[in-house]
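# Kindly generate the corresponding structure for this input.
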Amino acid sequence: MPIYEYISEHPDDPGQSCPVCRRGFELRRPVDRAPLEKCLVCKHPVRKVISRINVPEVTKPLSVSDAKAAGFTVLERRDQGVYEKL
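This is a model prediction of the structure:
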């Protein structure tokens, strides 16, 4: 189940948001459900926040020895359709 982030549509106006939706909150919801339109606490309007995704950073290209150390089999093409294990 994905985690969605929501924040108040009027975070600077204390009359239009509570401390929970003013700071923003996370909620686990099924994918097929519609996004929230109101805060669960104060019932004022909220909007879904587009958040960053977590992707691993590759700082350098992987070498043959790195691939072997990670448990991969490294093959090199020799001829038409013939591969040799390194």
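# Now do the closest residue in space to residue 47 that isn't next to it in sequence against residue 86, distance only.
Spatially, and ignoring its direct neighbours in sequence, residue 47 is nearest to residue 9 (5.4 Å; Cβ to Cβ, 6 or more residues apart in numbering). The way it works is simple: take the backbone N, C-alpha and C, and place the C-beta from them, glycine included. Separation of residue 9 from residue 86 (Cβ to Cβ, to the nearest Å): 58 Å.
# In three-state terms, how would the most centrally placed residue in the chain be classified?
Closest residue to the average C-alpha location of the chain: residue 53 at 2.9 Å, with Cα atoms, centre = their mean. At residue 53 the chain is in coil, as set by DSSP: H, G, I helix; E, B strand; the rest coil.
# what sits against it?
Listed by Cβ atoms under 8 Å, 6 or more residues apart in numbering, residue 53 has no contact partners.
# so residue 4 is in which element?
Counting by DSSP states H and E, the element that carries residue 4 is strand 3-8.
# wait, I meant residue 48
Assessed by DSSP H and E, residue 48 sits inside strand 46-49.
# Who does that strand pair with, and is each partner parallel or antiparallel?
strand 3-8 (antiparallel) (DSSP bridges).
# Next, the buried residues of the strand it pairs with.
Under the neighbour-count criterion of 16 or more other Cβ atoms under 10 Å, strand 3-8 has 4, 6, 7, 8 buried.
# Same question for stretch 21-41.
Buried positions in stretch 21-41, judged by neighbour count with 16+ other Cβ under 10 Å: 21, 22, 25, 36, 39.
# what mean pLDDT does that stretch have?
Across stretch 21-41, pLDDT averages out at 90.
# what residues does it touch?
With Cβ under 8 Å, 6+ apart as the test, stretch 21-41 has contacts from 1-8, 11, 14, 17-18, 20, 42, 44-46, 48-49.
# Mind doing that once more with 10 Å?
1-14, 16-20, 42-49, 51 (Cβ atoms under 10 Å, 6 or more residues apart in numbering).
# Derive a ChimeraX selection command for the buried subset of the residues you listed.
Of the contacts of stretch 21-41, the buried ones can be selected in ChimeraX as follows, counting by 16+ other Cβ under 10 Å:
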select :4,6,7,8,16,17,42,44,46
